[in-house]
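>>> Quick one, structure for this:
(chains A and B)
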Amino acid sequence: MMVAELAAAGSGSPLAAGAGAGDMTVHSYRLSTVVPGSVTGEAVDYELADADLLHKLHYLRAVHVFRAPAPGDAAALAVRELKEPMFPWLDMYFPVSGRLRRRDGEAAPGRPYVRCNDCGVRIVEAAVDATVEEWLEQEAERGGLCKPLAYDKVIGPELFFSPLLYVQITSFKCGGMALGFTWAHLIGDIPSAAACFSTWAQLLSGKKAPAPTLRDPHTKPLSAAPAGVTAPPSVKATAAPVGDDWRVPTACEMVPFSFHVTEQQLKRLLLGSHHHQVSTFELVAALVWRAVAAIRGPEEEEETRTVTVVKTTDPAAAPSGGRRLGLTNEHRIGHVVAPAGLPPAAADVAELAALLAGASLDGAGAVAALAGADDADAVVYGANLTLVDAEGLDVYGGLELGARRPAHVEYAVDGAGDGGAVVVHRDAGGRGRTVAAAVRRGEAGRLRAALRDALRVA
Amino acid sequence: MNSPPPLPAGNGTGLLKAVYRRVVDNFLAVVTVPLAAAALVAVARFGPEELTGRLLREARPVHLFLAAFLPAAAATVYLMLRPRAVYLVDYACFRTASNCRVPFSTFLEHAKQVPVLNERSVRFMTKLLERSGLGEETCLPPAHHYIPPYKYCTLDAARGEVDLVVFGALDDLFAKTGISPGAIDILVVNCSLFCPTPSFVDMIINRYKLRSDVRSMHLSGMGCSAGLISVGLARNLLQVAPRGTHALVVSTETITPNYYVGSERAMLLPNCLFRIGGAAALLSNSPSRARFRLKHVVRTLTGAQDSAYTCVFQQEDDYGNVGINLNKDLMTIAGNALKANITAIGPLVLPASEQLLFALSFIARRVLSGGFRPYIPDFRTAFEHFCIHAGGRAVIDELQRSLGLSDEQVEASRMALHRFGNTSSSSLWYELAYIEAKGRMRKGDRVWMIGFGSGFKCNSAAWECIVPAATAEGPWATAIHRYPVDIPDVLKH
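Numbers count the residues shown, from 1 in each chain, chains lettered A, B, ... in the order given. Alright, predicted model coming up:
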């Protein structure tokens, strides 16, 4: 489907308060498949580590919105041109185009693994009857508009036929486009996913992209944990086994939420906490923690004391701007419990931030080992309120298509549990922060109001 | 004259057979050499001057004139009335691109999303594909990469496929031969199931700006054997055309409009086996720059029998969906059609030794009517290479069995089926390209192309190589180093 070329963005029509001039509904879905360009091989299996399987119920939603090209620039990209570099891209990342199977045999029966049969990734073409400018205005005002721009599907009910990656290409009325990736967390963590998308963007821009180092497909699965070890509080088992339908069963509906923290507001926060050794992530996360604790109130006071902290980048380890070229779940997970004298709903932001900074984190592999049985249906994001630090990722620069940089990027976690999951990453300018979360229905509005108040005062 | 198979060592009957072959094949020489020797001896005994003296005394001017004129006149008439030889200048096949590739698992996943296909149908298609002999690199048109595969199969999409496949092959051919499109005098296209207005030939004329007096034909609905029908038609036109006429033959099948949207199992087979492909060949009646010479085209139509007529039949299923029904006794009918074709082409290509054996065996079976197995002529004495239509694994197996061919001789067909799938009428050209890419073609080698198709038709063409291909350039360029592959009985997926 050709992305229409019209004049540059900006319809100029003023938006009525509360109701957008453009309807934001996404429609006209067309599904197709892209496969690796060359044959991977016969019966090539990619084993999933315990850390991978720990995250099997979660998904990364990465949405990048591009403005329409200006009249002097190169024409907008057609779907065909967007698909073209995907063939060599999937040659490099062949496990992503495989499908899940369960082992049969005596060793670890029923354990999921990926059969690299070149089945491919799903491409979704859609359209929305609004311009990019209208959308950006609505997003700033209401938030949560990124969710329809990525295809909302989970793995299952048939593992055999469930793609591990969906790429949605949404065309805007003005000629702009949105690229939404729905990535199964089990195949790789957030930096792995970001590196994978970036590789595609580099191929599209005509650059040579370095090949990822993938786990050797023939390695045996890592051994199971010794029995009788208690699971850490950051990981909970689902109430009932999910079988082959890999979504987290939640008591209440989870809705998307997004919020922007400007550079000014961030500076004020930092000034307010200069006597603690905290980073911007901890401050923003603490703000959210306090607001959510206040919203959830005294009935859930016990639960909101504990938060899970996930750090995607290790400043000591990765020198290359947080981009890890491979498919692994190596992020670090930890938890923080607010002590009895410091109820999160009423605490000082700086003190909560200090608590978060002091969290002890373990690698995902270690957490998986602690969590026990290798095919347990575990909830990591959302077992408690989960705060994810993605500040180290260059989410804007990574998806530059030729000369075009995204106008808006949002990385969020889908398939989060009742606790909710909050991702903090850099904004377009690099100095502010975008907060993208999955919260319970009814919390979004109050959370927005609470954060606005807190940032005005702070 | 090509040499017969080499002498088998140490085998009594083998030696006898070889001697028999050499004697009968060169029967004329075997008979005339002794006679010529006797004549020479007689002349020597009589003395040459006496012989010529006697002749001159007896003969009158009229006799001398007739003795000189009649043979010369007969020779001239024979040479003039002989049909022109037809040559293949070069050919090119569509090079499939990796962005059209459909692995086995993707095909099944898409089939599963077709609402009308139930579990049983999908299981049937799975079993079929596992045993089909197709590999993981075969290609479908871009419209079939959508879910469900038939939803965006519009007329535009079909024309897009023609653009991709046919124009790709033609661009290749024009580049290879260096001929300009304005030099094409005859254009024959065969595409069975896509018949737009303006026609296929008009699409080519429009795209390549052919002349306004080009003699053009589109053969529609003639099935998978139509490639050789087109070659035969082009040959007929070239034989009566002035020297230096060029004919362009394009063979293809457009897959886009023909997805069967039903669940009738016998009609799901074409969905599973057919893949995109196309070939263009430049024929001429002058031997300059020609690479092959076309020796015979033999067409056998068995449609007069009802069973043959209905074995590949386009029809509507119980719900009104149009598809092509393949009958269960397809193999038997193909075998019979092949026998009929062999009977027709045998006398034209087989050496005298084989024909004599076949005739004796035929007479023996008729007269003695007891336990004689029919003698199958050894076609390896007539051809070095075999291009059998890659209709499916069963077809190739059946032909290998009935013609007594070795694995190496059907390798081209099996590998073309594996790499490209059933590309209908162009499969023969992909097989020829395989043999050339492997470097097995030599000057003087004879090639037998056998095509099968609905009707039921069995068509044969016999070619002789003048100049083998210089490089492996062509549809096999990127893959030939991996072939031949061992094709498993059941594909793992």
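>>> dump the residue contacts of the closest residue to B:His385 other than its chain neighbours.
Nearest residue to B:His385, sequence neighbours excluded (CB to CB, 6 or more residues apart in numbering or on different chains): B:Val447, at 4.5 Å. From N, CA and C alone the C-beta is placed, and that goes for glycine too. Applying CB atoms under 8 Å, 6 or more residues apart in numbering or on different chains to B:Val447 gives the contacts B:Phe292, B:Phe383, B:Glu384, B:His385, B:Phe386, B:Cys387, B:Leu432, B:Ile435, B:Ala462, B:Trp463, B:Glu464, B:Cys465.
>>> What is the neighbour count of the fourth one?
What it means is B:His385. 21 (other CB atoms under 10 Å in any protein chain shown).
>>> re earlier: among the contacts of B:Val447, which ones are in strands?
Cross-referencing these against strands under DSSP state E gives B:Phe292, B:His385, B:Phe386, B:Cys387, B:Ala462, B:Trp463, B:Glu464, B:Cys465.
>>> Include pLDDT when you put these into CSV, please.
Shown next, in CSV, are those (pLDDT from 0 to 100):
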residue, pLDDT
B:Phe292, 97
B:His385, 96
B:Phe386, 96
B:Cys387, 96
B:Ala462, 97
B:Trp463, 97
B:Glu464, 97
B:Cys465, 97
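>>> quick one: which of these is nearest chain A?
Proximity of the ones in strands among the contacts of B:Val447 to chain A (CB to the nearest CB) peaks at B:Cys387, which lies at 25.0 Å.
>>> That closest one pairs with what?
For B:Cys387, the beta-bridge partners are B:Met449 (DSSP bridges).
>>> Any regions of chain A where pLDDT drops low?
Along chain A, segments meeting pLDDT under 70 span A:1-22, A:217-231, A:315-324, A:372-375, A:457-458.
>>> biggest helix in it, by residue count?
Using DSSP state H to define each element, chain A has its longest helix at helix A:280-296.
>>> Remind me what that one packs against, helices and strands.
When contacts are defined as 3 or more CB pairs under 8 Å, 6 or more residues apart in numbering or on different chains; DSSP states H and E, helix A:280-296 sits against helix A:263-272, helix A:301-305, helix A:349-357, strand A:385-389, strand A:421-426, strand A:433-440, helix A:443-457.
>>> could you redo the last one with a cut-off of 6 Å?
With contacts taken as 3 or more CB pairs under 6 Å, 6 or more residues apart in numbering or on different chains; DSSP states H and E, helix A:280-296 sits against helix A:349-357, strand A:385-389, strand A:421-426, helix A:443-457.
>>> What lies in contact with that helix?
Residues outside helix A:280-296 that contact it (CB atoms under 6 Å, 6 or more residues apart in numbering or on different chains): A:261, A:266, A:269, A:304, A:307, A:344-345, A:349, A:352-353, A:356-357, A:385, A:387, A:389, A:391, A:422, A:424, A:433, A:443, A:446-447, A:450-451, A:454.
>>> Please apply the same query to stretch B:449-464.
Residues outside stretch B:449-464 that contact it (CB under 6 Å, 6+ apart) are B:223-225, B:227-228, B:231, B:292-303, B:308, B:311-312, B:333-334, B:337-338, B:341, B:345, B:349, B:387-389, B:391, B:428, B:446-448.
>>> Make a ChimeraX selection of whichever of the residues you listed turn out to be buried.
In ChimeraX, a selection of the buried entries from those looks like this (16 or more other CB atoms under 10 Å in any protein chain shown):
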select /B:223,224,225,227,228,231,292,293,294,297,298,299,300,301,302,308,311,312,333,334,337,338,341,345,349,387,388,389,391,428,446,447,448
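>>> quick one: which of the contacts of stretch B:449-464 sit in strands?
Short answer: those in strands (DSSP E) are B:292-301, B:312, B:387-388, B:446-448.
>>> out of these, what pair is the most spread apart?
Spanning the widest gap among the ones in strands among the contacts of stretch B:449-464 are B:Arg293 and B:Val312, at 32.0 Å by CB to CB.
>>> The residue in the stretch 301-450 of chain B that chain A sits nearest to: helix or strand, and which one exactly?
In the stretch 301-450 of chain B, no residue comes nearer to chain A than B:Arg419, which is 10.7 Å away by CB to the nearest CB. Assigned by DSSP states H and E, B:Arg419 belongs to helix B:411-420.
>>> Let me know the average pLDDT across that helix.
For helix B:411-420, mean pLDDT is 96.
>>> distance between that helix and the chain's centre?
Distance of helix B:411-420 from its chain centroid, counting by CA atoms, centre = their mean, to the nearest Å, is 14 Å.
>>> Packing partners of that helix?
Here helix B:411-420 touches helix B:427-437, going by 3+ CB pairs under 6 Å, 6+ apart.
>>> and the helix it packs on, what does it pack onto?
Using 3+ CB pairs under 6 Å, 6+ apart: helix B:427-437 touches strand B:86-93, strand B:385-388, helix B:411-420.
>>> switch the cut-off to 7 Å
Identification of packing neighbours for helix B:427-437 by 3 or more CB pairs under 7 Å, 6 or more residues apart in numbering or on different chains; DSSP states H and E yields strand B:86-93, strand B:385-388, helix B:411-420, strand B:446-453.
>>> on that earlier part again, what angle do strand B:86-93 and the helix holding B:Arg419 make with each other?
Orientation of helix B:411-420 against strand B:86-93 (axes from the mean of the first three to the mean of the last three CA atoms, to 10 degrees) gives an angle of 30 degrees.
>>> Any chance of the backbone angles for the residue nearest to B:Pro351 when sequence neighbours are not counted?
Among residues not flanking B:Pro351 along the chain, B:Asp25 sits closest, at 4.6 Å (CB to CB, 6+ apart). Main-chain torsions, B:Asp25, degrees, to the nearest 10: phi -60, psi -30.
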